[in-house]
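# Provide a 3D model corresponding to the input given below.
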Amino acid sequence: MLAHELRSPLAPLRNAAEILRTAGARAKTREQAQRVLARQIENMSRMIDDLLDVSRITEGKIELRKQAVALEAIFTAAADVARPEIAARGQNLTVTLPPEPIFLNVDATRIEQVLGNLLANARKYSNSGCHISLSAERATAQGAEPPEVIVRVRDDGIGITPELLPRIFDLFVQATRAVDRAHGGLGIGLTIVHRLVKLHGGSVEVYSEGLGHGSEFIVRLPILSGPAAAPSSLPPAPARETPRRMLIVDDNVDSARSMAALQRLRGHETRTAFTGSDAVVAAVDFAPEVVLLDIGLRGMDGFEVARRLRAMPALADAFLVAMTGYDSDEDRAHARTAGFDEYLVKPVDLDLLREWLRRAIIYLTQ
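Numbering: from 1, shown residues only. Sure thing, here's the model as predicted:
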């Protein structure tokens, strides 16, 4: 099943690439092919991220970055991500929050992931015209310590059989759900939900009256007691990217050249290097303001390149972004120590990179 699901996106990716290579393809056909590429790359990225998350959680290698955060902010972020795909399937999403503010001491990214997985599950197993709801309420049980918030994700989709309910959070449970294989996926999203919620000191349950009767997932999380810390805010980003000198370093030649071509289309002046030593030489000559630097370079790795660049007076304030397939807490800490400003996991989130490049003017003009 794992091989099947990871290979499935390759067929549309190959077809879309061939369409773009065909000289006689119409503009509309090319646009459709581009959307296929973006969608299938996102699908593969999600599957790989899920596999890595399950591995890290199972081995106890995940580190939660807890802080005071408003429940409303988490709801907003999760709903904003889910809405486009829910709307594309002709479904409806409603979000309901309690009247009073609720704060949690959580890793906001991970709880957004929990809600995102639950909303994706509801979308996947609901037909067009179905309704999905995300809601929260403060637990009313007397004497409950610590106080809890109850989060519900409901749908009126295909439902869950009684036989499956006790195993719904098990790893790869979809392997036995023949009726559900048409919906795809690896069957690990709910496993991640269960384990992340448990790591936060909460619990998750599921209810369904059977096939055709929808489902409801209930997440309970402890509420932060005492005054909540005020969320920090970033300075507003410039409305447009400022053209920058950009050095792109990657031993994957296709990756480096395609990234350089994309950044040139966005107005930046680019240079490429495919080894660490070439990157150092290019930096001396080019004096880049922004460096997109692969960590897993042969010979001199990206960490050493970053340290050498930081040692150059002309590059001491350059904006360094790590690009890598590695995403452990140790790798991120090592990157910060080496002098990187930001860290991107491949395939690079281009929207996030673009936002960082807009904000890079803040770093470069201080």
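# tally of neighbours for the residue lying closest to E63 once chain neighbours are set aside?
Leaving out its chain neighbours, the residue that sits closest to E63 by Cβ to Cβ, 6 or more residues apart in numbering is D329, at 4.7 Å. (Glycine included, C-beta is placed from N, CA and C.) Other residues lying near D329 total 12 when counted by other Cβ atoms under 10 Å.
# can you pull the contacts of D329?
Contacts of D329 were listed using Cβ atoms under 8 Å, 6 or more residues apart in numbering, and they are K61, I62, E63.
# and the pLDDT for it?
Looking at D329, its pLDDT reads 75.
# could you list the domains of the protein?
Split into domains by automatic domain parsing, the chain comes to 2-58, 67-222, 245-365.
# lowest average confidence across those domains, which one?
Looking at the domains of the chain, the bottom one is domain 2-58 with a mean of 80.
# show the contacting residues for the closest residue to A316 other than its chain neighbours.
Using Cβ to Cβ, 6+ apart and skipping the chain neighbours, the partner closest in space to A316 is R310 (6.2 Å). For R310, the contacting residues are A316, L320, A338, G339, by Cβ under 8 Å, 6+ apart.
# give me the distance between R310 and D155.
Separation of R310 from D155 (Cβ to Cβ, to the nearest Å): 50 Å.
# G212 too?
Relative to D155, and taking Cβ to Cβ, G212 is found at 12 Å.
# who has more neighbours out of these two?
Using other Cβ under 10 Å, the more surrounded residue of G212 and D155 is D155, with 25 against 10.
# on the three-state scheme, the residue lying closest to that one once chain neighbours are set aside is what?
Nearest residue to D155, sequence neighbours excluded (Cβ to Cβ, 6+ apart): A122, at 3.9 Å. Here A122 is recorded as helix under DSSP: H, G, I helix; E, B strand; the rest coil.
# element containing the residue nearest the centre of the chain, please.
In the chain, the centroid-proximal residue (Cα atoms, centre = their mean) is R46; its distance is 7.3 Å. For R46, the element it lies in under DSSP states H and E is helix 27-58.
# mind listing what's buried along that helix?
33, 36-37, 40, 43-44, 46-48, 50, 52-54, 56-57 (16 or more other Cβ atoms under 10 Å).
# so the residue nearest to D155 is in contact with G157, correct?
Yes - the criterion here is Cβ atoms under 8 Å, and A122 meets it with G157 at 6.6 Å.
# residues shared between the contacts of those two?
In contact with both A122 and G157: S215, using Cβ under 8 Å, 6+ apart.
# for those two, indicate the residue with more neighbours.
A122 (27 against 23).
# where do the helices sit along the stretch 201-350 of the chain?
253-265, 276-286, 302-310, 329-338, 350-365 (DSSP state H, counting those that start in this stretch).
# burial measure for V281, as a count.
If we define neighbours as other Cβ under 10 Å, then V281 has 12 of them.
# how much space between it and R244?
According to Cβ to Cβ, V281 stands 20 Å off from R244.
# and if you look at R308?
R308 is 20 Å from R244, by Cβ to Cβ.
# what do you get for T270?
From T270 over to R244 (counting by Cβ to Cβ), the distance is 9 Å.
# how about A282?
The value you get for A282 to R244, if Cβ to Cβ is used, is 15 Å.
# and for A79?
34 Å.
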